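Undergrad: no sequence on this one, just coordinates:
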């Protein structure tokens, strides 16, 4: 049965699992892919106290002038587990939902030069919703390491991003297994996929220029839509 995702999850782990997004962003900065990315899925912890529900406003954090969205899908843990096997880990998923990993790119850029983070560039807002869709409702569109689900992002009605969840390099089972190594996953934990290819303004502006894809500003409305999972909309405020 569908229900809203948790508004106060125990934890939020956001992975980096779409190769196209990682490669494009690195290539635009003159960097090659690192071999370690292919050896294990990587993630960072975000702030479980900053979850924003559908249609609720999002404001840039203090000092931010480069507000961005990130088009993602999240798995919500349904049953506790530790040291999970990748082949069994997906059985611990209660359902999937759309995730917007809002990003303050200027703050993120500054803090990550130190070699730790992201922190304040990310912890001000994470949108989840509108529904938690059980895996069995998606079984008929299984493809690749995930599901054949179109992912799109629009800003003020204009399409910015288009991807597909089936393009994941790391499966959700592999992500959950890695997250559970030496520790516990508990019900309500959020496991984000990371941004799909073209799924943020940072990536688009690196390729096409910031004039065509400007940073978000008060008055903008961001809509993330994933086939079968619904539409996640949030207005940007000052």
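TA: Cool, the structure landed. Being a predicted model, the structure only gives us computed values, none of them experimental. Numbering: from 1, shown residues only.

Undergrad: so who does residue 81 touch?
TA: 89, 92, 176, 180, 184-185 (Cβ atoms under 8 Å, 6 or more residues apart in numbering). (Each C-beta comes from the backbone N, C-alpha and C, glycine too.)

Undergrad: got a pLDDT number for it?
TA: Note on residue 81: pLDDT of 98.

Undergrad: still on that earlier bit, considering the contacts of residue 81, which possesses the most neighbours?
TA: residue 176 (27 neighbours; other Cβ atoms under 10 Å).

Undergrad: so the residue positioned nearest the centre of the chain bridges to which residues?
TA: In the chain, the C-alpha nearest the mean C-alpha coordinate belongs to residue 72, at 3.5 Å (Cα atoms, centre = their mean). Beta bridges link residue 72 to residue 99, judged by DSSP bridges.

Undergrad: ok, it touching residue 196?
TA: Yes: under the criterion of Cβ atoms under 8 Å, residue 72 makes contact with residue 196 at 7.0 Å.

Undergrad: ok, which pair from the contacts of residue 81 is furthest apart?
TA: 89 and 184 (13.1 Å; Cβ to Cβ).

Undergrad: now render the contacts of residue 81 as a markdown table, adding distance to residue 58, pLDDT and secondary structure.
TA: Shown next, in a markdown table, are these (distance: Cβ to Cβ, whole Å; pLDDT from 0 to 100; DSSP: H, G, I helix; E, B strand; the rest coil):
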| residue | distance to residue 58 | pLDDT | secondary structure |
| --- | --- | --- | --- |
| 89 | 31 | 98 | helix |
| 92 | 30 | 98 | helix |
| 176 | 28 | 98 | helix |
| 180 | 30 | 98 | coil |
| 184 | 31 | 98 | strand |
| 185 | 27 | 98 | strand |
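
Undergrad: of these, closest to residue 192?
TA: The closest of the contacts of residue 81, once distances to residue 192 are taken by Cβ to Cβ, is residue 176, at 11.7 Å.

Undergrad: quick one, what contacts the closest residue to that closest one other than its chain neighbours?
TA: Nearest residue to residue 176 in three dimensions, chain neighbours excluded: residue 89, at 3.8 Å (Cβ to Cβ, 6 or more residues apart in numbering). By Cβ under 8 Å, 6+ apart, the residues touching residue 89 are 81, 172-177, 180.

Undergrad: so what secondary structure elements neighbour the lowest-mean-pLDDT helix or strand in the chain?
TA: Using mean pLDDT, DSSP states H and E, helix 19-28 stands out as the lowest-scoring helix or strand of the chain, at a mean of 88. The contact analysis (3 or more Cβ pairs under 8 Å, 6 or more residues apart in numbering; DSSP states H and E) places helix 19-28 against helix 201-208.

Undergrad: list the buried residues in the helix it packs on.
TA: Of all the residues in helix 201-208, those buried under the rule 16 or more other Cβ atoms under 10 Å are 201-206.

Undergrad: among those residues, find the lowest-pLDDT one for me.
TA: On pLDDT alone, residue 206 ranks lowest of the buried residues of helix 201-208, at 89.

Undergrad: thank you kindly, that will do.
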